[in-house]
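Participant: Need coordinates for the following:
(chains A and B)
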Protein chains: 2
Amino acid sequence: MKATGFGFEIRDRDEEARSGRLATPHGVVETPAFMPVATYGAVRGVAAGDLRALGAQMLLSNTYHLHERPGEDVVDGLGGLHGFTGWQGPWLTDSGGFQITSLADRVRIDEEGVTFASPLDGRRRTLTPEGVVAIQEALGSDIAMVLDECQPPDAKAPAASAMERSLRWAERAAGARRRKDQAVFGIVQGGVDAALRRRSAQATAGLGFDGYAHGGLGLGESEGSRADAIREANTALPAEAPRYLMGLGRPVDLVDGVACGIDLFDCVVPTRHARHGILFTSRGELRIRHARFQRDDAPPDPDCDCPTCQQHSRGYLRHLLQTGETLGARLASIHNLRFYLRLLERVRAALAEGTGRFADLRSELHRVANTTAD
Amino acid sequence: MKATGFGFEIRDRDEEARSGRLATPHGVVETPAFMPVATYGAVRGVAAGDLRALGAQMLLSNTYHLHERPGEDVVDGLGGLHGFTGWQGPWLTDSGGFQITSLADRVRIDEEGVTFASPLDGRRRTLTPEGVVAIQEALGSDIAMVLDECQPPDAKAPAASAMERSLRWAERAAGARRRKDQAVFGIVQGGVDAALRRRSAQATAGLGFDGYAHGGLGLGESEGSRADAIREANTALPAEAPRYLMGLGRPVDLVDGVACGIDLFDCVVPTRHARHGILFTSRGELRIRHARFQRDDAPPDPDCDCPTCQQHSRGYLRHLLQTGETLGARLASIHNLRFYLRLLERVRAALAEGTGRFADLRSELHRVANTTAD
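Facilitator: Numbering: from 1, shown residues only, chains lettered A, B, ... in the order given. Next up is the predicted model:
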């Protein structure tokens, strides 16, 4: 089944890159788009109203984490993710498979699903493909993800068997859908093996999802093999469906993804780096805790329009991070999120301007990434 | 000397309580006023713009902490406290004597000043009455406090000798002033001994400060002996000068202070309690982490006009604090600060309305303090 209230319209193209409009029951997302990560239904230190002001369009929350705390029944009772958090725009929920295997203890994966000991209370829980659909239906996200078996590139087990199991899980997830107003995206797996990726994409596309994600990337593979894996899968995915690159990454990863025809991104990098004092700027990464910024009265990024750069100096931001004041992480997160959101605004504008402008922007980002801000 | 650009005009009176206008070079403060505490030049997780929106008028920062990090020369070079932090309204700086004796190691107090091992690098530093004036002049606060020797009520050393030394230090501080655009407040000491308080107030008033603080209270004495100590000192202080009760306290402590003729307050309670999930509400204290709020979709305080109560439920706020999301501490701090600032707005309005209205408000606060919010 396909969800109602959704639509994806491609607007501008430049080689494989494309811009478009993704309609959801909670509003339209201009693509390519970056989704700030709100694991527990909140972006670290940044409220829904702040995110709107920064230009966020869709947020990502995590099924596994919300299932653990406060529980999907609590979220459902408080108005679903939209009512619970106050973010009334679109929500995408990650299925949690990746988080379980990274965070939980005594993880066992078998045909039924993923069994693990909760880090909260040590009790064993099992998440199944059907259960993960039901949890996300209770959370009320606009876009749900299927449960997949995610393997890092250096995994001992053959990528083929994890990929094939993910396909069987995807079919069970597709059959478990009850809500008509929630889109579900399938996830392509298969590591960086071209044949596996193509096979996974073909079979996932055959299940008729509302969109498709590229999973299991950004885990150590080279940029080139990642791009190859995405392109290989894209040949087998319906061109008119939205494509989502899960969990990546740095600004250059985003423009590289757009160049491969990606429409949606999410990543914790902007907020995590912010907490560690690493700011993304128009002139490269700026490690704001460095002593040379102590007396610097310039804004963190002179070219940035965010509230932090409008109101505060590098010296003050450095001081806040040095003294552990939580305001420092908040102000830095606001800046980095705005940098990411504005980067995607620039990508969309470049694609609208015409052939070659996106390539110019991509080159600029790569050039900046290889320099260090003064 | 008296500072220029300052003035204090008493507007309404009701018994000993009074409202007024305290003019500073960075704006007027309507009194009685509560100053949010920005120890390191930032209120925990709440930026200058947020504080303006909440109705804050004057902030308090700490001389000792800013001297340690980033150093008063850095603050001075970045535009003083106003330019450094972005809070362009009035600033008051605490002298740091109380913080040193609570936080530093190997503290030795002698006639010269306070010598201690810095918790940052272990190096020994000495703060003198003259040095503390110079640091605050570099910080550029609107109101500076003299260095005093603060003694808890259970101190072994006689309160009289600490009080007498504080007087000698106050005289040295008064003689060390260079800036004409910075007010300096003296601090009355003497514990809860009526004779010592009166003697301290008389001698401090004799030095001709711009305002006077009641120090060394809120450290375990009874409410009654605290009120007696304040009243005893007030009889010896110039009635037309502003009076500041340092470091107190809960909402009832504020209205009790106003009833004794206090004009200025500061306290970390609203932000510290917020981080621990204790909210001040029109119906009493609410321990938001309690399980019974898990599914509660009511605002934290239905009578509150703060952004947290306008946009978020008790259930969401509880969830954020339970999961350690820093947004929880921020939203709770915003609420508690607004509760305090609005409480003082109500106090000023009651004093303007006429005799007896402030007593009604004070009774209401005491009644609420003895109940627990549902």
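Participant: Burial check on the nearest residue to residue A:55 once chain neighbours are set aside, number of neighbours?
Facilitator: Nearest residue to residue A:55, sequence neighbours excluded (C-beta to C-beta, 6 or more residues apart in numbering or on different chains): residue A:341, at 4.4 Å. Placement of C-beta: from N, CA and C, glycine included. Residues within reach of residue A:341, counting by other C-beta atoms under 10 Å in any protein chain shown, total 21.
Participant: In chain A, what helix or strand scores lowest on average pLDDT?
Facilitator: helix A:97-103 (a mean of 81; mean pLDDT, DSSP states H and E).
Participant: other SSEs contacting it?
Facilitator: helix A:63-68, strand A:105-109, strand A:114-117 (3 or more C-beta pairs under 8 Å, 6 or more residues apart in numbering or on different chains; DSSP states H and E).
Participant: Identify each buried residue in the next helix or strand after the last one, please.
Facilitator: Under the assignment DSSP states H and E, the closest C-terminal helix or strand after strand A:114-117 is strand A:124-127. For strand A:124-127, burial by neighbour count (16 or more other C-beta atoms under 10 Å in any protein chain shown) applies to A:125, A:127.
Participant: who's in contact with strand A:124-127?
Facilitator: Applying C-beta atoms under 8 Å, 6 or more residues apart in numbering or on different chains, the external contacts of strand A:124-127 come out as A:64, A:67, A:96-97, A:100, A:106, A:112-118, A:135, A:147.
Participant: before we move on, what about stretch A:197-211?
Facilitator: A:1-3, A:6, A:8, A:143, A:146, A:163, A:166-167, A:170-171, A:174, A:183-191, A:212, A:229, A:232-238, A:241-244, A:264.
Participant: Show me which of the contacts of strand A:124-127 is closest to residue A:35.
Facilitator: residue A:96 (15.9 Å; C-beta to C-beta).
Participant: how deep is the closest one tucked in, by neighbour count?
Facilitator: 24.
Participant: ranking the contacts of strand A:124-127 by neighbours, who comes first?
Facilitator: Busiest of those [other C-beta under 10 Å] is residue A:147, holding 29 neighbours.
Participant: give me the low-pLDDT residue ranges for the stretch 101-250 of chain A?
Facilitator: A:152-158 (pLDDT under 70).
Participant: That one: strands as residue ranges?
Facilitator: A:105-109, A:114-117, A:124-127, A:143-145, A:183-188, A:211-214, A:243-245 (DSSP state E, counting those that start in this stretch).
Participant: what's the last one packed up against?
Facilitator: Identification of packing neighbours for strand A:243-245 by 3+ C-beta pairs under 8 Å, 6+ apart yields strand A:211-214, strand A:264-266.
Participant: Now render those strands as a markdown table, adding mean neighbour count.
Facilitator: Shown next, in a markdown table, are the helices and strands packed on strand A:243-245 (neighbours: other C-beta atoms under 10 Å in any protein chain shown):
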| stretch | mean neighbour count |
| --- | --- |
| strand A:211-214 | 26 |
| strand A:264-266 | 24 |
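Participant: and of those strands, who's closest to residue B:81?
Facilitator: Among those, strand A:264-266 sits nearest to residue B:81 (C-beta to C-beta), with 39.0 Å.
Participant: and the helix or strand that the closest one is followed by, average pLDDT?
Facilitator: Once the chain leaves strand A:264-266, the next helix or strand it forms, by DSSP H and E, is helix A:269-275. Mean per-residue pLDDT for helix A:269-275: 97.
Participant: can you list the residues of the stretch 151-300 of chain A near chain B?
Facilitator: Contact residues (C-beta under 8 Å from any C-beta of the partner chain) of the stretch 151-300 of chain A with chain B: A:294-295, A:297.
Participant: I'd like these written out as JSON lines, with neighbour count, distance to residue B:363 and pLDDT added.
Facilitator: Formatted as JSON lines, those follow (neighbours: other C-beta atoms under 10 Å in any protein chain shown; distance: C-beta to C-beta, whole Å; pLDDT from 0 to 100):
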{"residue": "A:294", "neighbour count": "18", "distance to residue B:363": "51", "pLDDT": "98"}
{"residue": "A:295", "neighbour count": "18", "distance to residue B:363": "52", "pLDDT": "98"}
{"residue": "A:297", "neighbour count": "14", "distance to residue B:363": "50", "pLDDT": "97"}
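Participant: quick revisit: of all the helices and strands packed on helix A:97-103, which lies closest to residue B:131?
Facilitator: helix A:63-68 (50.5 Å).
Participant: Give me the mean pLDDT for that closest one.
Facilitator: The average pLDDT for helix A:63-68 rounds to 95.
Participant: Restrict it to CA atoms and write it as CSV.
Facilitator: Taking Å, rounded to 0.1, in the frame of the first residue of the first chain, the C-alpha atoms of helix A:63-68 are listed here in CSV:
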residue,chain,number,x,y,z
THR,A,63,11.9,4.6,17.6
TYR,A,64,14.1,2.5,19.8
HIS,A,65,14.8,5.4,22.2
LEU,A,66,11.2,6.5,22.4
HIS,A,67,10.1,2.9,22.9
GLU,A,68,12.4,2.7,25.9
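Participant: Name the surrounding residues that touch that helix.
Facilitator: A:39-41, A:72, A:75, A:93-97, A:99-100, A:103, A:118, A:120, A:127, A:132, A:135-136, A:139, A:144-145, B:323.
Participant: Show me what the next helix or strand after it is packed against.
Facilitator: The helix or strand immediately downstream of helix A:63-68 is helix A:72-77, counting by DSSP H and E. Applying 3+ C-beta pairs under 8 Å, 6+ apart, we find helix A:72-77 packed against helix A:80-85, helix A:129-139, helix B:314-322.
Participant: Quick check: residue A:306 touching residue A:340?
Facilitator: No - using C-beta atoms under 8 Å, residue A:306 makes no contact with residue A:340, being 10.8 Å away.
Participant: how is chain A carved up into domains?
Facilitator: Using automatic domain parsing, the domain parsing of chain A gives A:7-267, A:273-369.
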